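J.: Provide a 3D model corresponding to the input given below.
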Amino acid sequence: MTHDELRQLEGARRRTLWALASLRPGDPNASDLLAILDGLDDQERNDTPCSDKLLDLIEVRNSVSVMRHYSGIDIILERTIPQPWRERFHQASIGSTRLIDGPYASDWDKFLNEWEREMQHLQTHRVAQAANSKNG
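T.: As a prediction, this is how the structure comes out:
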């Protein structure tokens, strides 16, 4: 997957997750958003070679280097963030304040915590959709 394709995919994922965040699980308006996210997941799986298994959240958290900037603020070294996580973080952080040498480590932690919460919310939506399909 090219950098432009990854940027587009993760931009679409970010916009869809933000839209989904405003809906309660079971809301019929979530169906289209869930279909978009399923399509993005399929595209990512099809474009990622098997040897490039995506890292889970704990592995990603542990792989990123944090350093103390001379300003006294902890920053992360972006080059240590594996893709697609680097692009996911970038998409979620557009407009955020950062130092020239790197983003704030606290923003990285906030992103990872929010990602985990978003994935739990997404799973709740999928469970509710499956229950609605079964009952309807």
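J.: Which residues are in contact with W108?
T.: Going by C-beta atoms under 8 Å, 6 or more residues apart in numbering, W108 touches 64, 66, 76, 81, 89. C-beta: built from backbone N, CA, C; applies to glycine.
J.: Filter these down to the buried ones.
T.: Buried members of the contacts of W108, counted by 16 or more other C-beta atoms under 10 Å: 64, 76, 81, 89.
J.: Could you dump those residues into a markdown table with secondary structure, distance to D42 and pLDDT added?
T.: Shown next, in a markdown table, are the buried ones among the contacts of W108 (DSSP: H, G, I helix; E, B strand; the rest coil; distance: C-beta to C-beta, whole Å; pLDDT from 0 to 100):
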| residue | secondary structure | distance to D42 | pLDDT |
| --- | --- | --- | --- |
| V64 | coil | 27 | 95 |
| I76 | strand | 30 | 96 |
| I81 | coil | 24 | 94 |
| F89 | helix | 22 | 97 |
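J.: Excluding residues flanking it in the chain, which one is nearest H69?
T.: I75 (4.9 Å; C-beta to C-beta, 6 or more residues apart in numbering).
J.: did I read that right, the one you found in a strand?
T.: Yes. With DSSP: H, G, I helix; E, B strand; the rest coil as the criterion, I75 is assigned to a strand.
J.: burial measure for it, as a count.
T.: By the criterion of other C-beta atoms under 10 Å, I75 has 22 neighbours.
J.: next one: the one 4 residues further on
T.: When neighbours are counted by other C-beta under 10 Å, R79 registers 10.
J.: Likewise for I73?
T.: Look at I73: counted by other C-beta under 10 Å, it has 15 neighbours.
J.: per-residue pLDDT, it?
T.: On pLDDT, I73 comes in at 96.
J.: Contact partners for it?
T.: 99, 104-105 are the contacts of I73 under C-beta under 8 Å, 6+ apart.
J.: Am I right that the residue nearest to H69 is in contact with M67?
T.: Yes. Counting by C-beta atoms under 8 Å, I75 does reach M67; the two are 6.1 Å apart.
J.: Show me the residue at the heart of this structure, geometrically.
T.: In the chain, the residue lying closest to the centroid (C-alpha atoms, centre = their mean) is R88, at 4.7 Å.
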